[in-house]
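>>> Need a 3D model of the following:
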Amino acid sequence: MAPTVDELADELYAAPPAEFVANRRRAVDQARRNRDSKGAAALGKLRKPTVAAWLVNLLALRQPELVAELADLSRELRTAQRELKGARLRELSAQRRAAVGALVQRARALAVEERPELADGKLPLAEVESTFAAALADEEVAAQVRSGRLIRSVAYAGFGEVPRPRLRLVTNDEAEEAERAGGARATTRDREEERRASAERRARIERNRERAALRKELAAARTEEKQAGAAAERAAREEREGADELARIEAHLAELERRRSAAEAELGRRRVARKAVERQAAAARRRSGEVEGALESLETSD
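Numbers count the residues shown, from 1 in each chain. All right, here's what the predicted structure looks like:
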């Protein structure tokens, strides 16, 4: 079955940015071959991500369940921020730093798995960290992160302790003001957006699971193909060895047949020679008897 536009887009944003333009061209061609002109047009409009955005996209596409865990922590942080629970906020902020740090390292590991040459390269991990931190603070940013289609990194501008100098801490007065301003935005649209993002996340997770299953099946098929090829080579080699052995045996049999024929001929010659000698012996015996008879006659006459 031909890949969908979403699947082609996922492959584009999961690949390193250096390959984006060439891959996009192939994706557009693929969509056109599928007679999907709208899909081809949509793919053609996709923009190349930065390296930092690629790292975030790679994690969102390869392990969406890790990115989805940010939503729970984000809700707890917002609740603590609104209720001004300082101790709980500090505890959650520590969890945030640990979670963000783990996501950054996992994104780096996936990038190295994708391209081992990046192991010794310098990656913009600070921008990746800032983007994950922003996703914790802003649901819209979180939705963009979960989509796996980021174009560039996102700067953090939310609550909690300052993980880096360029990130600022929101004070209690600012929190109250933000709560009043944010209350008006906590509408049905937000809930619908959350439901839509959740549905998209579940669909993406399912597609990734299907891809993983297909990759596993493909790997098994290739292994089976390789084993079958090796078995075929062994069978061909054994067939050749059998043919060579048969040829040697046939040559040996031919030699034995030649020697048998020669032995039979020699035996026939010796049999003829024996019979000739036997005839000579018989003739000699007869001659001897005749001579003895003549001798006896002479002696009797005397």
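>>> could you pull out the strands for the chain?
Applying DSSP state E to the chain gives no strands.
>>> Under the pLDDT cut-off, which ranges of it? List them.
Within the chain, the stretches falling below the threshold (pLDDT under 70) are 1, 77-86, 88-89, 92-93, 156-216, 218-221, 228, 232.
>>> Let me see the ranges of the helices in it.
5-14, 20-33, 37-44, 51-62, 64-83, 86-114, 125-137, 139-147, 172-183, 188-301 (DSSP state H).
>>> Which residues outside the second one are in contact with it?
By CB atoms under 8 Å, 6 or more residues apart in numbering, the residues outside helix 20-33 that reach it are 2-3, 5, 8-9, 11-12, 15, 37, 39-40, 43-44, 46, 48-49. From N, CA and C alone the C-beta is placed, and that goes for glycine too.
>>> are any of those buried, and which?
With neighbours counted using 16 or more other CB atoms under 10 Å, those contain these buried positions: V5, L8, A9, E11, L12, A15, G39, A40, L43, L46, K48, P49.
>>> can you put those in JSON lines and add distance to E65?
Converted to JSON lines, the buried ones among the contacts of helix 20-33 look like this (distance: CB to CB, whole Å):
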{"residue": "V5", "distance to E65": "24"}
{"residue": "L8", "distance to E65": "23"}
{"residue": "A9", "distance to E65": "20"}
{"residue": "E11", "distance to E65": "20"}
{"residue": "L12", "distance to E65": "22"}
{"residue": "A15", "distance to E65": "21"}
{"residue": "G39", "distance to E65": "28"}
{"residue": "A40", "distance to E65": "32"}
{"residue": "L43", "distance to E65": "27"}
{"residue": "L46", "distance to E65": "25"}
{"residue": "K48", "distance to E65": "27"}
{"residue": "P49", "distance to E65": "22"}
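>>> ok so, going back, please identify the most buried of the helices of the chain.
Of all those, helix 51-62 carries the top mean neighbour count, a mean of 25, counting by mean count of other CB atoms under 10 Å.
>>> Give me the distance from that helix to the chain's centre.
The gap between the average C-alpha position of helix 51-62 and the chain average comes to 20 Å, counting by CA atoms, centre = their mean, to the nearest Å.
>>> Could you do stretch 289-297 as well?
With CA atoms, centre = their mean as the basis, the distance from the averaged C-alpha position of stretch 289-297 to the chain average is 112 Å.
>>> which one of the buried ones among the contacts of helix 20-33 is nearest L73?
Taking CB to CB as the measure, L73 lies nearest P49 of those, at 24.7 Å.
>>> List the contacts of the closest one.
Contact criterion CB under 8 Å, 6+ apart gives Y13, P17, F20, N57, L150, I151, R152 as the residues in contact with P49.
>>> Just give the nearest non-adjacent residue to the fifth one, would you?
Setting aside the residues directly before and after it, L150 is nearest to A53 in space (CB to CB, 6 or more residues apart in numbering), at 4.0 Å.
>>> Need phi/psi at R152.
phi -150, psi 170 (degrees, to the nearest 10).
>>> Wait, it touches L55, no?
No - taking CB atoms under 8 Å as the contact criterion, R152 and L55 are not neighbours in contact, 11.7 Å apart.
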